[in-house]
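# just the structure for this:
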Amino acid sequence: MKAIVLRELGPPEKLQLEEFPDPIPGPGEALIRLKAAALNHRDVWIRMGRYAGIKLPVILGSDGAGEIVELGAQVDRALLGQAVVIYPASEWGSDDRVPGPAFRVLGMPDQGTYAQLIAVPAQHAFPITEGLSFDEAAALPLALLTAYRALVSRAQIQAGETCLITGIGGGVSTFALQIALSLGARVLVTSGSEAKLERAKTLGAAGGANYRNSDWGKRILDLCQGRGLQVVVDSAGGEAFEKALELISPGGRVVTYGATTGPAKQVEVRRIFWKQLNLLGSTMGTGQEFESALAFYGRHRLHPIIDQVFPLSQTAAAHRRMEAGEQIGKIVLKME
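Predicted structure coming up:
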């Protein structure tokens with residue numbers, strides 16, 4: 001098969017298209033001919049050496065969709081030919097609250113989806129929601145699952161609440177926007193790009209603030225229109241997380257699933273106990289949550305926001321776009 005193989009760390013040019021041995025499905029596994037894959041920031045961090053436990057060579061990619069073309073032993077033969085989207089992880093474990101020690105994500109250490117073929121446990125292949133293309137289905141897995149767990153499982157967001165999503169533009173944040181709006185919440189956003197703020201409003205956000213402006217917190221509170229801010233979903237960490245504790249209303253929930261700007265160095269602990277806040281960590285999600293997220297997406301007839309589609313041979317260009325941070329939504333790779 002053709003695959004993008006990362007053999008050494010470095011710039012996007014290290015992502016080379018080459019021939020790679022076809023995977024063989026073992027007992028309980030399904031072989032999927034991928035039609036599309038999608039990028040996550042995790043892929044970029046691995047390529048740049050900013051991720052723990054890197055093992056090379058590796059085929060990156062956690063997101064993928066395609067057709068089942070071969071089955072291992074002990075798998076229902078009726079699955080052959082089914083169009084599926086892949087759960088992006090393995091071995092969550094028996095405790096739904098936290099992943100177990102064997103938990104891992106596709107695309108390192110296991111071979112990922114930047115390839116024409118992939119073998120995964122058959123129970124990790126879920127039917128594609130009616131009305132979605134392969135490109136759209138491939139955009140879902142890691143980002144949709146992360147957003148769903150953060151907002152639904154952890155924050156338990158409710159209709160009528162006001163929610164702030166920091167750093168709008170990436171895959172998880174755009175899925176979070178869709179989920180919150182579908183549940184009847186009022187959504188505010190932040191970004192360092194005026195263009196992204198305007199795009200978010202066309203997608204349903206009630207307004208937003210540019211975090212490059214020193215008074216962005218005041219702008220968010222003004223947009224709350226006296227209703228308060230009940231939920232913050234943050235991927236930035238750093239000053240954004242510190243500001244979230246200041247802006248959130250008493251009894252509110254702050255969910256963090258990332259720290260792209262680094263650690264929060266000046267957390268005001270008194271705000272946490274005096275305001276009776278709930279601080280919630282979240283990452284990825286269980287197979288059951290993935291199934292629930294797909295059902296939610298189908299029930300609300302949603303479609304992912306796709307920024308740009310690249311052929312597999314132009315994976316390096318796709319990585320450059322993600323590094324530039326200009327995208328709104330998911331960057332997708334189409335198999336050739």
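# now the residue nearest the centre of the chain: which helix or strand?
Most central in the chain under C-alpha atoms, centre = their mean is residue 143, positioned 1.6 Å from the mean C-alpha point. Using DSSP states H and E, residue 143 maps to helix 141-148.
# which helices and strands sit right next to that helix?
strand 63-71, helix 171-182, helix 287-299 (3 or more C-beta pairs under 8 Å, 6 or more residues apart in numbering; DSSP states H and E). Placement of C-beta: from N, CA and C, glycine included.
# next SSE downstream of the second one?
Past helix 171-182, heading to the C-terminal end, the next element that is a helix or strand (DSSP H and E) is strand 186-191.
# average pLDDT for that following strand?
Mean pLDDT, computed over strand 186-191, is 97.
# just give me how far that strand sits from the chain centre.
18 Å (C-alpha atoms, centre = their mean, to the nearest Å).
# which other helices and strands contact the helix or strand following that strand?
The C-terminal neighbour of strand 186-191 among helices and strands, as given by DSSP H and E, is helix 194-202. Under the contact criterion of 3+ C-beta pairs under 8 Å, 6+ apart, helix 194-202 touches strand 186-191, strand 207-210.
# out of these, flag the one nearest residue 248.
Minimum separation from residue 248 across the helices and strands packed on helix 194-202 (C-beta to C-beta) falls at strand 186-191, 12.0 Å.
# buried set for the closest one?
Of the residues in strand 186-191, 186-191 count as buried by neighbour count, 16 or more other C-beta atoms under 10 Å.
# hmm, which two among the residues you listed are most spread apart?
Spatially, the most separated pair among these is 186 and 191, at 17.6 Å (C-beta to C-beta).
# so what's the residue nearest to the centre of the chain up against?
By C-beta atoms under 8 Å, 6 or more residues apart in numbering, the contact set of residue 143 is 40, 63, 170-172, 174-175, 330.
# please apply the same query to residue 66.
Contacts of residue 66 by C-beta under 8 Å, 6+ apart are 32-36, 83-84, 118, 134, 335.
# same check on residue 21?
Counting by C-beta under 8 Å, 6+ apart, residue 21 touches residue 1.
# that one: which element?
Residue 21 is part of no helix or strand, with elements assigned from DSSP H and E.
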